[in-house]
Each structure stands twice: as C-alpha cells, then as structure tokens.
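> Structure, please.
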Amino acid sequence: MFKTLRNAWGVPELRKKLLTTLFLLLVFRAGVFIPVPGVRTDVVKQMVEGGLYLGFLDIISGGAFKDFSIFALGVVPYINASIVFSLLTIAIPSLEQLSKEGEEGRKKIAEYTRYAALIFAAIQGLSISLYLRNNGALAQEGWTQILIIIITLITGTIFLMWLGEKITEYGLGNGTSLIIFSGILARIPAMIAQLTILVKGQSVNIIQVVLFIVFALALVAGVVTMDLAERRIPVQYAQRKVGMRMYGAQSTHIPINVNSAGVIAIIFAMSVMQFPLVISQLTLPPTNKFRMLFEAGWLSPKYPIYPIIYVILIVFFTWFYTTVTFKPDEVAQNLQKSGGFIPGLRPGKPTEEFLTRVINRMTIIGGIFASIVAVTPIILSQVSNLGQLQFGGTALLIVVGVALEIDKQLKANLVMRHYEGFLK
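The predicted structure is shown next:
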C-alpha cells in the first residue's frame with residue numbers, strides 16, 4: 001500500500017489527484033469542529049458512550065456526533081438512501097430498466113438518491129432533535145431550537161454529499177467512502193489517548209492492552225482475507241459464430257465474494273435492534289417498563305441475549321441481501337444464451353440450483369464472519385472496560401474495504417500510465 005502511494009506520488013497527474021483529495025478531506029475535518037448552536041455537548045457525549053447506535057453514528061461521522069457539529073449526521077442519510085435504491089432497483093422493473101440505460105440512467109438514479117437522502121436527513125434530524133430534548137441536551141427546548149438543529153444537520157449533509165461528489169470527480173476513489181474512511185482514521189489518536197487513561201487509572205492492565213492489540217491485528221488480518229476471498233466458478237464457452245466472425249472456445253470464471261454483503265447486513269441488523277429503543281425513548285417516559293426493557297433490561301446490550309439476536313439478524317440480512325442482488329436464475333439464463341456452461345453441469349435449471357447452493361454456503365460463511373466482527377465490541381463491553389473505547393467492528397470493515405479499493409485504483413492508474421504494450 002505505502003509502496004503504491006510512493007509510486008503514485010511520482011506521477012504528476014496522480015499527485016495532483018492525491019493533493020486534491022487530501023485538501024477536500026481537510027475541509028471535511030475542519031467542519032467537524034463547528035458546533036451546532038444550543039446543544040449541550042457534555043450530555044451528548046454521555047449518550048454516545050451509553051448507546052450502540054449513537055456510538056455507530058459517531059464512528060461513521062468521525063467524532064462529529066459526539067461534539068454535535070454541523071456534520072453530526074455525516075453521510076449516513078446518503079448511505080441509507082443508496083442502500084434503499086440499490087434494493088428498489090432490483091424490486092421495481094422501471095428502476096431496473098433505468099439502471100441498464102447506461103450513464104444517463106445511472107445519473108438519474110443518483111439524482112433520485114440525493115433527493116431521498118434529503119428526506120432521510122430531515123427524518124433523522126427531527127428524531128435526533130426530539131431525542132436530545134427528551135434527554136435534556138438542549139439549552140432551549142422550544143420548536144425554534146429544534147428547527148435550527150434540523151436545518152443545520154440537513155445543510156451539513158447536503159454539503160458532505162457535494163464534497164463527496166467533488167472528491168470522486170477531481171480526486172481519487174469514491175468520495176463518500178473516503179469521507180467515512182478519514183473520519184474513522186481521525187479517531188485513532190483519541191482511542192490511543194483513552195487507552196492510556198484507562199491504563200493510568202488501572203481500569204485495565206498492560207496484559208489486557210497487549211491482548212487487545214493482538215486481537216485487533218488478527219481481526220484486521222481476518223477482514224483483509226475475507227474481503228479478498230472469493231469462490232471462482234469455472235465457465236467454458238464453446239466455439240461459436242457471431243455475425244461473420246468465428247470465436248474460439250474460451251474459459252473464464254464467475255467470482256463470488258465470501259462477504260459480498262459487506263457492512264450492509266450489519267447496518268440493517270443494527271437498525272432493527274435499535275429501532276424499538278429509539279421509538280420508546282421518543283414516546284415513553286423514562287420509568288416506563290417497556291422502555292427500561294431495552295435500556296437496561298434483558299434486551300439491552302448488557303445481557304447475553306442481545307448479541308445472540310444480533311448475530312441471527314446479521315446472518316439473515318447477509319443471506320437476504322446476497323440473494324436479492326445476485327440472482328442465480330438470471331446468471332444461468334445469461335450463460336445459456338451466450339453459449340456458456342459450468343463443466344459437469346447442464347445449462348439451465350441444474351446450473352441455477354448449483355449457483356443457489358454455492359451462494360447459500362458463501363452467505364453463511366460471510367454472515368458468521370461479519371457477526372464475529374460486529375459482536376466483538378459488545379462482548380468487550382460486557383467482559384472488560386475496553387468496551388469504553390468504542391472499538392467498532394463495522395468501522396474496521398469499512399476502513400479495510402476502502403483501503404483495498406484505493407490500493408486497486410492506484411495500481412490500475414500506475415499500470416495504465418506505464419503500459420508498454422505487447423511488442424516490447
């Protein structure tokens with residue numbers, strides 16, 4: 001990775017893209033320190049430390065939610081809109097047809113996604129404002145203050161969407177992913193400082209810290225391995241004639257990633273787990289038994305039943321998302337139309353059944369691994385004081401995925417600029 005960056009820095013065009021990306025990311029980091037007026041950040045910090053979902057928002061926003069800055073929502077509304085439209089594109093025939101119309105179709109879907117992100121930002125801004133008011137985090141509890149917060153959060157989200165598009169256009173990599181990536185990396189010094197405080201306060205000992213670092217490195221290695229792991233299904237094409245040209249027999253493969261759902265399954269599962277808690281906190285008084293069941297009862301992260309349900313949901317949503325996005329019947333049909341076949345299998349129904357079996361196995365393996373990564377912080381918080389670090393497995397998946405993608409893009413650009421052809 002570092003060697004690739006050094007080589008890319010030697011190419012003037014890539015150096016310009018890297019500097020542009022760095023400058024735009026610095027603009028994002030500067031906005032993290034601009035607070036929303038009328039919010040008691042000390043109360044918000046306590047809420048973030050005690051809530052799984054708010055902790056996740058803080059990680060994704062790069063610490064902006066804990067300080068409740070203008071970028072407190074980060075690009076979360078845009079992520080939600082993108083996930084919804086990726087599913088709707090498959091479920092709604094008109095959107096599916098639009099996605100197949102080339103660049104213009106994709107631009108239209110991107111426009112719809114931005115509009116949906118504004119709606120999500122308004123809904124999240126309203127719910128968070130009411131949640132802050134119910135927990136005494138607002139200096140003034142009138143609707144004027146709530147309206148100021150909603151407008152500020154929506155404006156921050158719009159600016160980040162624009163910033164992400166400019167990074168994608170003039171910089172290197174996907175702008176939205178890089179904004180999340182930089183925000184997560186910016187939290188590392190704070191984590192180190194917090195770990196130092198825990199050691200000095202004798203809340204944890206050196207052995208626990210060493211074991212934590214070793215486990216974190218092993219988890220990183222596992223995430224890298226799973227991100228790169230794929231099942232390659234061999235495909236052969238018989239000799240065929242297309243128009244006036246004759247094509248010879250060819251061999252290729254269908255790559256199926258082990259963890260194809262990525263962090264999407266974790267986000268879905270977390271949303272389902274936190275939805276009853278958020279609704280109860282918005283509508284019920286603190287002494288209500290139903291609310292206490294999710295805040296401190298057996299359905300809270302403090303009890304073992306919570307991670308068990310969490311794991312089941314992650315595996316289910318991994319299977320659901322992979323099944324929706326990868327359609328074995330369409331793949332088998334396209335193979336048959338193009339004259340391709342999997343060795344040892346007849347085209348058509350047998351190929352579809354084989355692909356379905358492979359997908360089911362891959363989703364179980366990927367779902368179990370994603371569960372291990374996601375549940376690790378919850379288990380740490382139950383068995384030790386290291387859970388106070390807000391060590392997010394989801395953040396780890398995002399960082400590794402974005403880093404691998406940047407490395408691929410840099411290598412592709414370097415190969416393209418140093419390509420000498422076949423004759424030399």
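> list the helices and strands the top helix by length along the chain packs on?
What stands out as the longest helix in the chain, according to DSSP state H, is helix 349-383. If you count contacts as 3 or more C-beta pairs under 8 Å, 6 or more residues apart in numbering; DSSP states H and E, helix 349-383 packs onto helix 206-228, strand 230-237, strand 250-257, helix 264-283, helix 305-325, helix 328-337, helix 393-417. From N, CA and C alone the C-beta is placed, and that goes for glycine too.
> That helix: which residues count as buried?
351-352, 354-356, 358-359, 362-363, 366-367, 369-371, 373-378, 380-381 (16 or more other C-beta atoms under 10 Å).
> so which of the helices and strands packed on helix 349-383 comes closest to residue 76?
helix 264-283 (9.2 Å; C-beta to C-beta).
> for that closest one, packing partners?
Helices and strands touching helix 264-283, by 3+ C-beta pairs under 8 Å, 6+ apart, are helix 52-60, helix 76-91, helix 102-134, helix 289-295, helix 305-325, helix 349-383, helix 393-417.
> Need the winner for burial among those helices.
A comparison of the helices and strands packed on helix 264-283 by mean neighbour count, using mean count of other C-beta atoms under 10 Å, puts helix 52-60 on top with a mean of 22.
> before we move on, the earlier item: out of the helices and strands packed on helix 349-383, the one nearest residue 186 is which?
Nearest to residue 186 among the helices and strands packed on helix 349-383 is helix 393-417 (11.4 Å), distances taken as C-beta to C-beta.
> pLDDT weak spots in the stretch 1-150 of the chain?
Flagging of the stretch 1-150 of the chain using pLDDT under 70 yields the residue ranges 1-2, 50-52.
> cool, the stretch 301-424 of the chain as well?
Counting by pLDDT under 70, the ranges of the stretch 301-424 of the chain that qualify are 381-393, 417-424.
> Using PDB, write out every CA atom in stretch 354-373.
Extracted C-alpha coordinates of stretch 354-373, given in PDB (Å, rounded to 0.1, in the frame of the first residue of the first chain):
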ATOM      1  CA  PHE A 354     -25.800 -25.300  -8.300                       C
ATOM      2  CA  LEU A 355     -25.300 -21.500  -8.100                       C
ATOM      3  CA  THR A 356     -28.000 -21.200  -5.400                       C
ATOM      4  CA  ARG A 357     -26.200 -23.800  -3.300                       C
ATOM      5  CA  VAL A 358     -22.900 -22.000  -3.600                       C
ATOM      6  CA  ILE A 359     -24.500 -18.700  -2.700                       C
ATOM      7  CA  ASN A 360     -26.200 -20.100   0.400                       C
ATOM      8  CA  ARG A 361     -22.800 -21.500   1.600                       C
ATOM      9  CA  MET A 362     -21.000 -18.300   0.900                       C
ATOM     10  CA  THR A 363     -23.600 -16.200   2.700                       C
ATOM     11  CA  ILE A 364     -23.500 -18.400   5.800                       C
ATOM     12  CA  ILE A 365     -19.700 -18.100   6.000                       C
ATOM     13  CA  GLY A 366     -19.700 -14.400   5.300                       C
ATOM     14  CA  GLY A 367     -22.600 -13.800   7.700                       C
ATOM     15  CA  ILE A 368     -20.800 -15.600  10.600                       C
ATOM     16  CA  PHE A 369     -17.600 -13.700  10.000                       C
ATOM     17  CA  ALA A 370     -19.500 -10.300   9.800                       C
ATOM     18  CA  SER A 371     -21.200 -11.300  13.100                       C
ATOM     19  CA  ILE A 372     -17.900 -12.000  14.800                       C
ATOM     20  CA  VAL A 373     -16.600  -8.600  13.700                       C
END
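> Good, wrapping up.
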